[in-house]
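Colleague: Sequence first, then the predicted structure, then my questions.
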Amino acid sequence: MLTRALLPLALAGLLLAAPATALAQQPTDDDDAALAYAKCMRDNGYAEFPDPTPGEGMRFLITPGGAARFEKAATACRALAPAGLRDDGVTPEQLDGLLKLAQCVRDNGLPNFPDPGADGRFDVTRIGAGPDDPKLKAAMGACRDLSRGARIMIGG
């Protein structure tokens, strides 16, 4: 994921239609799909987009200064976006899972971790930990499966 992976401090970009060339390149394996998406993002102007960690998905940080470039690249690469990075919305079941994930994270050492908003996003200003914080990494690792397939988006 993002459906199954942590996206610390990611701000969502508006993801629109992608060019036909991106559609023709769609791999089927999750790790291959995430790698193809990362390459597409870099090829389309977001050079700092990292390769995914095999079996763990993608983790990346979008800085305010890079948001426009990210949005442009995400638009170009929409057809290659792994399920958790598509703008598919959140179901009531997924929102319930994200609420359980939030409680689990609080129970695992981050008492200020917020509940998600109605859109399924977590407010970064209330977390009290950065993307490399060992407590956040450990808590998300312990709790991520509770998300019921929802992407885990942490933004501001």
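Modeller: All right, it came through fine.
Colleague: hey, let's count contacts and neighbours off CA atoms from now on
Modeller: Will do.
Colleague: Run a quick neighbour tally on the closest residue to residue 36 other than its chain neighbours.
Modeller: Residue nearest to residue 36 in three dimensions, not counting chain neighbours: residue 80, with 6.9 Å by C-alpha to C-alpha, 6 or more residues apart in numbering. If you count neighbours by other C-alpha atoms under 10 Å, residue 80 ends up with 26.
Colleague: Pull up the gap between residue 80 and residue 38, please.
Modeller: As judged by C-alpha to C-alpha, to the nearest Å, residue 80 and residue 38 stand 9 Å apart.
Colleague: again with residue 139
Modeller: From residue 139 across to residue 38, the span is 25 Å (C-alpha to C-alpha).
Colleague: what about those two, which has more around it?
Modeller: For residue 139 versus residue 38, the count of surrounding residues by other C-alpha under 10 Å is larger for residue 38: 25 against 19.
Colleague: Phi first, then psi, for that one.
Modeller: The phi and psi values for residue 38, taken as degrees, to the nearest 10, are phi -60, psi -40.
Colleague: Contact partners for it?
Modeller: With contacts defined as C-alpha atoms under 8 Å, 6 or more residues apart in numbering, residue 38 is in contact with 49-52.
Colleague: Let's see that with 10 Å instead.
Modeller: By C-alpha atoms under 10 Å, 6 or more residues apart in numbering, the contact set of residue 38 is 32, 44, 46-52, 58, 73-74, 77, 80-81.
Colleague: Tell me the one of those residues nearest residue 115?
Modeller: Closest to residue 115 out of these is residue 58 (22.0 Å), distances taken as C-alpha to C-alpha.
Colleague: Surely that closest one touches residue 34?
Modeller: Yes: with contact defined as C-alpha atoms under 10 Å, residue 58 counts as touching residue 34 (7.3 Å).
Colleague: tell me what the longest helix anywhere in the chain is packed against?
Modeller: The helix that spans the most residues within the chain, counting by DSSP state H, is helix 92-107. Packing partners of helix 92-107 (3 or more C-alpha pairs under 10 Å, 6 or more residues apart in numbering; DSSP states H and E): strand 121-123, helix 134-143.
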